[in-house]
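> Give the three-dimensional model of this entry:
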Amino acid sequence: MLVVQPSWVGDAVMATPMLRALRERYPDAHIALLCRRYVKPVFTGLPYANRIITYRTGKTKRKTGKGLLKIAGRLRRGKYDTAILLTNSFKSALLCKLAGIDRIVGYERDGRAFLLSDRLLPYKAKGKFVPSPVIYYYLGLAHFMGSRNRDIAMHLAVTSAERDAAKQVLTRAGLDADLERPAANGLGPLVMINAGAQYGAAKCWLPEHFAAVADRLVEERGATILLSGTPRERRILDAIQRHMTHAAVDLSSKGLSLGSLKEIVRRCDLMITNDTGPRHIAAAFGVPVVTVFGPTHPEWTEIYFPQERKVSVKVFCGPCQKKICPLDHRCMKEVTPEMVYTQASQLLNA
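Numbering: from 1, shown residues only. Have a look, this model is predicted:
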C-alpha cells in the first residue's frame with residue numbers, strides 16, 4: 001500500500017491521524033509513504049509506515065517530466081496494489097497510474113477523476129469548495145478504507161539522531177544541550193518565535209510586532225527567546241533582531257534542520273507563530289502555541305488543540321487565501337503585540 005503525502009510540512013503533520021488509523025486497520029500491511037525529501041523528517045520515528053520513499057522534482061517542465069517517469073519506475077518495482085492520495089493534484093494520480101498501481105483512491109479534484117479507481121467527493125456548496133479541516137479531509141480516506149478510528153490528535157516522534165542533532169544546535173547557540181521546558185521548574189520559559197511562512201508573505205505578521213512581544217516576554221517573564229526559520233527567511237529573522245532590545249537566540253544560523261527543530265520545539269514552553277508548519281509540530285508535541293492568522297481561513301487548518309490561542313482581526317477583504325496581499329496587509333497590521341502577548345501570558349500562566 002502506498003500513501004502519497006502532501007508537500008507542506010504542516011499538512012504532513014495533519015496527515016498523522018490518518019496514517020495511525022490506516023495502520024490500525026491494516027496492522028500487517030506493507031505501508032510505504034511517498035513524500036518530498038524535505039518533508040521526510042515529519043514521519044521519521046513514527047510506527048505507521050514500513051518505508052519512506054522520497055523524491056525531488058526538477059525545475060523545468062522537461063526535467064519534471066523525466067523525474068515523474070523515474071519515480072514511477074521506482075514505484076513500479078515496489079509492486080503496490082493500492083495507492084491512497086492525500087494530495088489533490090492531477091500529477092500524483094498520473095504518477096500512480098504510470099507506476100501500474102491498480103487501485104488508486106483519492107478525492108475527485110484537479111480533473112483527475114478518470115485516473116482514480118475509487119473517488120471521494122470533497123465538500124462543495126454552490127460549486128465552490130467549503131472550508132473544512134484538513135485533518136478530517138485526510139482521515140476520511142482512512143474511513144473509506146474501512147477504519148473506524150476517529151482520533152484526530154496529531155503525533156510526531158523524535159529519533160536518537162534528531163535528538164543528538166538538536167543538542168548540537170543548542171550547544172552551538174550557547175545554550176544547555178539538555179535544556180527542556182524550564183518553566184516547569186520555575187525558571188524563565190523557553191519561547192520559540194516562528195516568524196516566516198513558506199506559503200507566502202501575506203501570512204507573515206510584522207517583524208517589529210514579533211520583536212515587541214519577545215522583548216516583553218524577556219522583561220516580564222525572564223524568557224529565553226529562540227528564533228527559527230529557513231535560509232529564505234533570513235531577512236525576517238534579521239529584522240526581528242534589529243527591532244529587539246534584548247538578545248534572541250537565532251537557531252537558523254546554528255545548523256537547524258527539520259529533524260532537530262522537532263526536538264527543540266518539543267522542549268519549549270511556548271511557541272508564537274504564523275499559520276505555518278512549526279505550529280502543527282508544536283501542537284503534535286503538546287506545546288502551547290499562539291497563532292497569528294491573517295489571509296488564511298482558520299477552518300482549513302483547524303487542529304483542535306486546546307492549548308492553542310488564535311489571534312486575528314476581521315477585515316472586509318479576508319480571509320482571501322492570497323499569498324501576496326494586493327492591498328495594505330491590514331489583516332496582519334491590525335493584530336497588535338498586546339493582543340498576542342495577552343494570549344501568550346495566559347498560556348504561560350496555565
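> Which other helices and strands does the biggest helix by length in the chain contact?
Using DSSP state H to assign secondary structure, the helix with the most residues in the chain is helix 61-78. Secondary-structure packing of helix 61-78 (3 or more C-beta pairs under 8 Å, 6 or more residues apart in numbering; DSSP states H and E): strand 32-36, strand 51-55, helix 90-98. Where C-beta positions appear, they are placed from N, C-alpha and C, glycine not excepted.
> Would you mind telling me which of the ones you listed is nearest Pro306?
Between Pro306 and those, the shortest separation by C-beta to C-beta is 28.5 Å, and it involves strand 32-36.
> ok, residues contacting that closest one?
Defining contact as C-beta atoms under 8 Å, 6 or more residues apart in numbering, one finds that strand 32-36 is touched by 1-5, 7, 12, 19, 42-43, 49-57, 71, 75, 78, 80.
> just to revisit the earlier point, just tell me which of the helices and strands packed on helix 61-78 ends up closest to Glu233.
Proximity of the helices and strands packed on helix 61-78 to Glu233 was assessed by C-beta to C-beta; the nearest stretch is strand 32-36, lying at 18.4 Å.
> Could I get the CA-only coordinates of the closest one as CSV?
Output for strand 32-36, consisting of C-alpha atoms alone and laid out as CSV, is shown next (Å, rounded to 0.1, in the frame of the first residue of the first chain):
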residue,chain,number,x,y,z
ALA,A,32,5.0,3.0,2.2
LEU,A,33,4.9,6.7,2.2
LEU,A,34,5.9,8.8,-0.8
CYS,A,35,6.9,12.4,0.1
ARG,A,36,9.2,15.2,-0.9
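> and the direction of that strand versus that of helix 90-98, what angle?
140 degrees (axes from the mean of the first three to the mean of the last three C-alpha atoms, to 10 degrees).
> Note down every partner strand of strand 32-36 and its orientation.
In the sheet containing strand 32-36, its partner strands are strand 2-4 (parallel), strand 51-55 (parallel), by DSSP bridges.
> where along the stretch 201-350 of the chain do the strands fall?
Using DSSP state E, counting those that start in this stretch, the strands of the stretch 201-350 of the chain run over residues 224-228, 249-250, 270-274, 289-292, 308-311.
> Just put those in JSON lines and tack on mean pLDDT.
Conversion of the strands of the stretch 201-350 of the chain to JSON lines gives the following (pLDDT from 0 to 100):
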{"stretch": "strand 224-228", "mean pLDDT": "97"}
{"stretch": "strand 249-250", "mean pLDDT": "96"}
{"stretch": "strand 270-274", "mean pLDDT": "97"}
{"stretch": "strand 289-292", "mean pLDDT": "97"}
{"stretch": "strand 308-311", "mean pLDDT": "96"}
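> most tightly surrounded among these?
Relative to the other members of the strands of the stretch 201-350 of the chain, strand 289-292 carries the highest mean neighbour count by mean count of other C-beta atoms under 10 Å, namely a mean of 28.
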